[in-house]
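>>> give me a 3D structure for the following:
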Amino acid sequence: MGKIKRTKSIVLKMFTITFISIISLITIIFVVQSVYITRYYKIRKIDNIIKNINNFSSQYNNENWSYEELARQIKKFEGRNNVTLKINGIGLTDIQREDYIITLLLDNNSYYDIYLSKQELLKIFNGDMPKEKQILYIEAVMDHSEIIYATKINNYQLDNLIEENLYSNYSGNAIIINIDNVMESILKQSSSNIELQGTESIIYVPELQGTQSNINATGKQETESDINATGKQETESDINATVIEEIESNIIGTQIQGDVIDINGPYNHYTKQNDVYYSISDMPFINIKEVSFIKLFEQDGKKHFIEVHASLQPVGEVISILSDYYIIFYLLAIIVSLLIALIYSRLISYPLLKLSSVADKMANMDFSIKSTIKRNDELGTLSNSLNILSTNLDEALSSLKEANKQLVIDMQKEKKQEKIRKEFVANISHELKTPLGIIKGFAEGIKDGIKKEKTDYYLDVILDETQKMNTLIYDMLELSKIEAKKIEGKEEFNIKKLINRAVSVLEIPINNKSLNIVINGDFGKVIGTKFQIDQVIINLVSNAVKYCNDKTDIIITGEIKDGYNYIYIYNEGNQLSKQEMESIWLRFYKIDKSHHRESGGTGLGLAIVKAILEAHSSDYGVMNKDDGVVFYFSMKLID
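The predicted model follows:
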């Protein structure tokens, strides 16, 4: 139960922390928005515009833009900053006006200017713009100035309202001498003939033909205000000088304290920032504030200025309206935050619960469960570490179990070997006790002075028993030497010759039981210790002769397979039980458990065979077959 409560507590803590964090963040956003956003918006917008004005003036001063490039740059600036911009009082709308001034040579050798829009020119010349030295037919009226007002050009009738009584009529051909864009001419003039243009009222753009305003050759509309009290027309330089004096006097020359202007006049309350003057004022009839910027700079020794007007959108009103809905926003924010916190806590806690489950399984010694979390973070690293730990513990536990099994097997072997040692001691005691007793008895008889004719018999018995003990001791030494791997050097030999020799050695017991020896199969040259393999064959054939039925066959068969020569020795007789087949290879084991001396042998023959064959890494064994028993072993063939 403790683990379950702790896991739930972690999930609850993560949920609570996540929820509080999100709500706190939303609250901070609302507070900052309510208190600082209006001020931040105003300061940020003014700073950005001032920065962009300085960049624009620097580019304008250094790159010498063409008429088209200037229009493109102004449009780009206005689009990015959401403002209106004018250079020397000329704005994008003025530049984009497609009005042209055309200088004509009439038939009377007089030069006159005529103002036409691009649309009119295209209609007059069938969709093409006119070219210099092109001849046209014109009907017009004129006064005493250098401007004529056309009523018809070629076959196109112009809709000009003209008081004909004020003009003289003209009709005839004319040659086009020059064609200029009106605003382009004005821009060229503003940068070459004046030091500083004034405000919008200083630069005049010519109206279309047919109005009663008078437009001179420079593109400036003349009004009555252009004529001073003496009747003399004022020039643009005179007007611009007045404007320059007004701007420099009111903006630059009357700074009272720091960079803040406080004067009575059209330029009052201007603030200077980064060489740009700006003023914030209320726009008439609407609740929107306007920021006016003025940047003064020089180019080629002549003064220029940039005028920018921007509106400050009423974000404060929007925020005040939104404030009425903060309760709704908060409710929605709480719901969304609950969902986000729930999902987030589950996403984080799910792998923790999975890892906790795996850890619990490991604590209960169950290493079969592995973590399936695959992530590139700390949880993924922890999952991988748990899996590695589980695998290592599982391997260690498996090794420990195997070691325990091996220990049990070793203990069982130890018990078995202890039993064998006890049987060995009992067997060796029995095997030695009997001949020693016989020798002692017969020796005492000789000492007591038995009849002389029996003395020789007693001595023969003593010698025979001594020989048997000698054979037993020799076999025991031989077995110990073989088990200690103290075998002689290996050599190549023909195993069939050893089989034939064993049959010859055992010829007398074979004939005594009227046995028939059959040798067949395949035999080859093998490698091993020859005299030891000879001992193996003699022991196995002797064992077959000893336990086979009289007047039967002993069949010795050779077989070659997998690089080994297998030898099978079959004799007809009593078959062996499963326990006997496992025990006959042990020391002093005899089928006759009574250990009668008449059965013969020391009980070490098959134990010696086993030791020799294991020293040669041979395959060996015994099996029941066809009312008899087959012993077999293998020897490695020569390559």
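
>>> stretch 509-519: how far from the chain's middle?
84 Å (C-alpha atoms, centre = their mean, to the nearest Å).

>>> over to stretch 39-54?
43 Å.

>>> again with stretch 566-585
Chain-centre distance of stretch 566-585: 68 Å, with C-alpha atoms, centre = their mean.

>>> quick one: average pLDDT of it?
Stretch 566-585 shows a mean pLDDT of 90.

>>> show me what the helix or strand hosting I20 is packed against.
I20 is located in helix 2-63, with elements delineated by DSSP states H and E. Counting contacts by 3 or more C-beta pairs under 8 Å, 6 or more residues apart in numbering; DSSP states H and E, helix 2-63 packs against helix 67-81, strand 83-87, strand 271-273, strand 276-282, strand 289-299, strand 302-312, helix 315-323, helix 326-363. (C-beta placed from N, C-alpha, C; glycine too.)

>>> what's the most buried one of these?
strand 83-87 (a mean of 20; mean count of other C-beta atoms under 10 Å).

>>> domain parsing for this protein?
Split into domains by automatic domain parsing, the chain comes to 2-61+316-345, 67-90+242-312, 97-231, 401-486, 487-636.

>>> got the ones you listed as CSV, with distance to I369 columns?
Formatted as CSV, the domains of the chain follow (distance: least, C-beta to C-beta, whole Å):
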stretch, distance to I369
domain 2-61+316-345, 16
domain 67-90+242-312, 62
domain 97-231, 83
domain 401-486, 19
domain 487-636, 43
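
>>> where among those domains is average confidence lowest?
domain 97-231 (a mean of 67).

>>> need the helices and strands packed on helix 2-63 in TSV (columns: distance to L104).
Shown next, in TSV, are these (distance: least, C-beta to C-beta, whole Å):
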stretch	distance to L104
helix 67-81	23
strand 83-87	32
strand 271-273	50
strand 276-282	46
strand 289-299	35
strand 302-312	33
helix 315-323	56
helix 326-363	71
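
>>> so which of the ones you listed is nearest N108?
Nearest of those to N108, taken as C-beta to C-beta: helix 67-81 at 33.9 Å.

>>> what ranges does the stretch 401-550 of the chain have for its helices?
Per DSSP state H, counting those that start in this stretch, the stretch 401-550 of the chain carries helices over the ranges 452-483, 495-505, 507-512, 530-547.

>>> number of nearby residues for A544?
For A544, the count of nearby residues is 25 (other C-beta atoms under 10 Å).

>>> if the spatially closest residue to it that is not a sequence neighbour is in a bridge, with which residues?
Distances taken as C-beta to C-beta, 6 or more residues apart in numbering put N571 closest to A544, at 3.8 Å, once the chain neighbours are dropped. Residues in a beta bridge with N571, per DSSP bridges, are I554, V629.

>>> might you report the residue contacts of N571?
Residues in contact with N571 (C-beta atoms under 8 Å, 6 or more residues apart in numbering) are A544, V545, Y547, C548, T552, I554, G628, V629.

>>> from these, pick the one nearest E98.
Closest to E98, out of all of the contacts of N571 and judged by C-beta to C-beta, is V629, at 127.2 Å.

>>> one step back: wait, which of the domains of the chain is closest to T372?
When the domains of the chain are compared (using C-beta to C-beta), the closest one is domain 2-61+316-345, at 18.1 Å.
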